[in-house]
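Peer 1: quick one, what's the 3D model for this:
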Amino acid sequence: MSATFTPAGSAELERHLSDTCDLVRKGVLSIIPAHKLQGLVLAGGYGRGEGGVLRRESGDAPYNDLEFFVFIRGVTAWNDYRYRHALHDLGEELSQFAGIEVEFKILSLAKLRRSTPTMFYYDLVMGHRWLVGDDRLLAGCDHHRDESAIPLHEATRLLFNRCSGLLYAKERLQRPVFTDADADFVARNIAKAKLALGDVWLAMHGSYHWSCNERLQRLKGFKHKWARQLEPHHEEGVAFKLYPKSAHAEERESLTHQHAQIGELAEALWLHLEGRRIRRPFRSAREYARTTQPLCPERSTIRNGVINLRAMGLRGLVSKFRSRYPRERLLRALSLLLWGKTNEEETAIIHACLNCKTDSFPSAVRAYEKLWHHFN
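Peer 2: Residues are numbered from 1 along each chain as shown. The predicted structure is shown next:
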């Protein structure tokens, strides 16, 4: 793995990130007993040596979140219950020092080894930095190293999350008062979507890679018209990921135009991807939202019922989506909130999906976001 956290950050930034990791290691060791802690690893862009560098007059600053995996021996659900609050408090404390959000995810090596391939685990196994442990701990994880084994529904999940970001950006662009913080949020989510469109195309064709620079080169190698259309946006997404820039409120008109442009392209790719995954063509977001076919067929029907009961109580069991995985509700609602026409029929579908009634677009987005945080 890379000896640095960033592609070309200053020595001061590299020291700052290293100092943050030292504090993380000490903090985790004070929370997790030695006989329980299997390993501690930095994942994400900084773990792969591709962390963002925000250029400022005062010097380089970090931009992306710091994502740490804490491998704890035993049942992950129990460990999560036992340690997540202490780790959350540690993350809150260290976020102040780091200047960016510090996040912890709890996992066991046994669970990682027996899990089926996902894009998430592929990125983790292929690109990381150990704070406690080394690569010998990843013995038995070779099935996570094969990018061609990433299932198609993982491409859907990536596009779903990035389009959710576009939805939240859409809501901010419509606010009466638009601040610098809003502009920065919108610009960041547009850039993430630009990057994701190319990533999704590569994942669809078994050519995803853990490095964003390598993914760009792979996308340039495709001669298909889709790849040619996505390439310039993907290149802009890579540039923003590595060297992000702050946006300002006076850029609202430009950001609105960019949002509309990338949103239109995202809709076309969404329908193309989902048509391939569900094995039926979709001509519009409305047709996609209305289909009776299950949108998460890889999930167990019985288990879905239990999850709906836990997430929504008895209301989840009387809904027509009671046997469907809750993310399906979000997929349908997102397609209409982001690309729909906001008529009575579509509003009724959105209300059914979100299991609530809303009286405005902002309130519908808030209801969507509440459910999204549980099933993204």
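Peer 1: from now on I want contacts and neighbour counts done on CA atoms only, so please keep to that.
Peer 2: Noted.
Peer 1: list the contacts of Arg286.
Peer 2: Arg286 is in contact with 335-336, 340, 346, counting by Cα atoms under 8 Å, 6 or more residues apart in numbering.
Peer 1: how about a cut-off of 10 Å?
Peer 2: 332-333, 335-336, 339-341, 345-346, 349 (Cα atoms under 10 Å, 6 or more residues apart in numbering).
Peer 1: cool, and Arg327?
Peer 2: Arg327 makes contact with 157, 160, 295-296, 333, 353, 371-372, 374-376, according to Cα under 10 Å, 6+ apart.
Peer 1: for those residues, give me CSV that also has secondary structure and pLDDT.
Peer 2: What follows is the contacts of Arg327, written out as CSV (DSSP: H, G, I helix; E, B strand; the rest coil; pLDDT from 0 to 100):
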residue, secondary structure, pLDDT
Arg157, helix, 95
Phe160, helix, 96
Leu295, coil, 83
Cys296, coil, 79
Ala333, helix, 93
Cys353, helix, 83
Leu371, helix, 86
Trp372, helix, 90
His374, helix, 81
Phe375, helix, 79
Asn376, coil, 74
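Peer 1: ok, and the most crowded of those residues?
Peer 2: Neighbour tally across those (other Cα atoms under 10 Å): the maximum, 27 neighbours, falls on Ala333.
Peer 1: surely that one and Cys356 touch.
Peer 2: No. Ala333 is beyond contact range of Cys356, at 11.9 Å (criterion: Cα atoms under 10 Å).
Peer 1: didn't His35 look like it was pressed against Ile72?
Peer 2: Yes. Using Cα under 10 Å, His35 is in contact with Ile72, at 9.0 Å.
Peer 1: list the buried ones in stretch 336-355?
Peer 2: 336-340, 346-347, 349-355 (16 or more other Cα atoms under 10 Å).
Peer 1: and the two most separated of the residues you listed?
Peer 2: Maximum pairwise distance among the buried residues of stretch 336-355 (Cα to Cα): 20.0 Å, between Trp339 and Asn355.
Peer 1: list phi and psi for the residue nearest to Ala8 when sequence neighbours are not counted.
Peer 2: Counting by Cα to Cα, 6 or more residues apart in numbering, the nearest residue to Ala8 once its immediate chain neighbours are dropped is Val53, at 7.8 Å. Here is the backbone geometry of Val53 (degrees, to the nearest 10): phi -120, psi 110.
Peer 1: who does Val53 form a beta bridge with?
Peer 2: Counting by DSSP bridges, Val53 forms beta bridges with Pro62.
Peer 1: neighbours of it, just the number please.
Peer 2: 25.
Peer 1: how about the helices in the stretch 1-150 of the chain?
Peer 2: Using DSSP state H, counting those that start in this stretch, the helices of the stretch 1-150 of the chain run over 11-31, 44-47, 76-98, 109-114, 119-126.
Peer 1: point out where this structure drops to low pLDDT.
Peer 2: 1, 299-324 (pLDDT under 70).
Peer 1: in terms of helices and strands, where is the residue nearest the centre of it?
Peer 2: When Cα atoms, centre = their mean is applied to the chain, the residue found nearest the centroid is Asn161 (5.3 Å). Counting by DSSP states H and E, the element that carries Asn161 is helix 152-173.
Peer 1: the contacts of Arg286 in helices, which ones?
Peer 2: Counting by DSSP state H, the members of these that fall within helices are 332-333, 335-336, 339, 345-346, 349.
Peer 1: pretty sure Val186 sits against Gln174.
Peer 2: No. With contact defined as Cα under 10 Å, Val186 does not reach Gln174; the gap is 11.3 Å.
Peer 1: okay, and the common contacts of these two?
Peer 2: Shared contacts of Val186 and Gln174, counting by Cα under 10 Å, 6+ apart, come down to 252, 256.
Peer 1: the more surrounded of these two?
Peer 2: Neighbour totals were compared for Val186 and Gln174, and Val186 leads with 27 against 13 (other Cα under 10 Å).
Peer 1: quick check: chain neighbours aside, which residue is closest to that one?
Peer 2: Ala169 (4.8 Å).
Peer 1: which residue comes closest to Gly103 once chain neighbours are left out?
Peer 2: Not quite, residue 103 is Glu, not Gly. Per Cα to Cα, 6+ apart, closest to Glu103 is Glu67, 5.0 Å.
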